[in-house]
Every structure is written in structure tokens, then in C-alpha cells.
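**Q** Here's my sequence, what's the structure:
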Amino acid sequence: MDKGTRGELLDRLAEAIQSVTTSRPLRVAVDGPPAAGKTTLADELALLLRGRGRAVIRASTESFHLPRAQRYRRGEFSSEANYHDSFDYDTLRRVLLDPLGPDGDRRYQHAVYDIDTDTAVSPPVTTAPADAVLLLDGVFLLRPELIDRWDLSIFVCAAFEQTLDRARIRDLARLGSAAEVERRFRTRYIPAQKLYFAAARPADHADIVVHNDEPLRPAWVVRPH
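**A** Numbering: from 1, shown residues only. The predicted structure follows:
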């Protein structure tokens, strides 16, 4: 395991991405539990890669949620619902991952849903440059339905109590109180991650595991790709 500064981690991730050669866009998963830091990491990595002249497509599974009625059909605080009913994987593959894949035409959409308004969206279809990098952040990205769609996978982890501390700050305005944030994490999100860990073993399958308990002094493990 290596440990270093934030900049050293980002340089190492950029190096890993640049070492993968394909004749089409590169599909990179940035997986991890809620509030582990995956979205921030993906944004920082996108900025770095763009600064080095690489075209980057930034997307999130937040924009591929199923409608609220489907997500909560087993109950708003159900961990099984969070793991099984949150996302539209068929559409994610069809409009984003597969068009950028080996047999795709590079014509993709980066979103199909607005979680704030619980409505479908349909942004214009865009054609990706052949050397583009897709950085897709989200939970559950290394589950069986998606595991074979990645050219490189990054798993960002942190202790659950650490992620809860971050979420109390991050989600306070949206959920209204620290108590409500904690309730959701302890009943829905953390148990769902435990289901995911048991079913899919994401840390065992990821090409790179980032230990993000200390974001300014992260540690990481890079497996041969």
C-alpha cells in the first residue's frame, strides 16, 4: 500500500488511466460508499486529465436513478431497496456504457433522470472523441450487472463512521437534521453497502483501492491491470 499527498494520488490515478490503451473511449468506474469521497475524487481527476489535454466525460449514477416510487416500493428505509431498486442499470448500459464500449458508436447520453424533481430528462445525444475518458462515480458500480463494462475501476473507501460524520455536514440542508441523516445512513445506506460488500466484494475486484479516511493523506493499492 502506498500513502502520500492528494496530488500524488491524483497523479497515480492519471498514470493508471493513461496506461490503458484502447481504440475507443475508456470507461472508468469510481465506486464507493456514500460520502466516501468518490465524487470529489472523480471531479479532481477530471480537472487534472483535462489540464493534460484529455477529453473527459463526467457522469454519475445519481442521474440514472429509478423514479422515487420504484426506489421506495420496499420502504424508504429499506437497505434491500437501496441495493436492489435504486438504479436503472439497463438504461445506464444502453445509453452510456455500451455506446462507449467495444461495439459502440460513441453516441451517448450522460443522464436520464433528475433526482431533485423526480422526472425523466433527455439531454442531447453527444458523440465522444475516440480518446475520451468516462469518469462515472456512484455506489454499487462493481456489482455483477456492471462489472464487465469497466476498463479501469477505482474503489474509494472510508470507515462507515467517518462517512457518517461527513454526511451529517453534507446532507444536513437536504434532510433537515443530523438525526435524519444518521437515521438514513444507519437503516438504509450502510446496511445496503454491507449487502453489496458481501454479494460483490468490490474491494477485491477493483483495479485501484483508495483509502480515503484522511483525504489529504490518502493511501492506495494499485493492482496489475
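
**Q** Any stretches of this structure with poor pLDDT?
**A** 225 (pLDDT under 70).

**Q** got the CA positions of stretch 207-225 in CSV?
**A** Provided in CSV are the C-alpha atoms of stretch 207-225 (Å, rounded to 0.1, in the frame of the first residue of the first chain):
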residue,chain,number,x,y,z
ASP,A,207,-8.1,-2.2,-10.1
ILE,A,208,-7.3,0.5,-7.6
VAL,A,209,-8.5,0.8,-4.0
VAL,A,210,-8.2,4.3,-2.4
HIS,A,211,-8.3,4.5,1.4
ASN,A,212,-9.8,7.9,1.9
ASP,A,213,-10.2,8.2,5.7
GLU,A,214,-7.7,11.1,5.5
PRO,A,215,-8.4,12.8,2.2
LEU,A,216,-5.3,15.0,2.3
ARG,A,217,-3.1,11.9,3.1
PRO,A,218,-4.8,9.1,1.3
ALA,A,219,-3.4,5.6,0.8
TRP,A,220,-3.9,3.4,-2.2
VAL,A,221,-3.3,0.0,-3.7
VAL,A,222,-2.9,-0.5,-7.4
ARG,A,223,-3.3,-4.0,-8.8
PRO,A,224,-1.6,-5.0,-12.1
HIS,A,225,-4.1,-4.3,-14.9
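
**Q** how about that stretch: buried residues?
**A** D207, I208, V209, V210, H211, N212, P215, P218, W220, V222 (16 or more other Cβ atoms under 10 Å). For the C-beta atoms, the positions are set from N, CA and C on the backbone; glycine is no exception.

**Q** does the second one have beta-bridge partners, and which?
**A** So that's I208. I154, V222 (DSSP bridges).

**Q** Tell me how far T117 lies from P67.
**A** 11 Å (Cβ to Cβ, to the nearest Å).

**Q** The two - which one has more neighbours?
**A** Per other Cβ atoms under 10 Å, whichever of T117 and P67 has more neighbours is P67, with 14 against 8.

**Q** tally of neighbours for the spatially closest residue to the more buried one that is not a sequence neighbour?
**A** Using Cβ to Cβ, 6 or more residues apart in numbering and skipping the chain neighbours, the partner closest in space to P67 is D118 (6.1 Å). Using other Cβ under 10 Å, D118 has 12 other residues around it.

**Q** Test my guess that D118 contacts R68.
**A** Yes: with contact defined as Cβ atoms under 8 Å, D118 reaches R68; the gap is 4.8 Å.

**Q** Cool, thanks, talk later.
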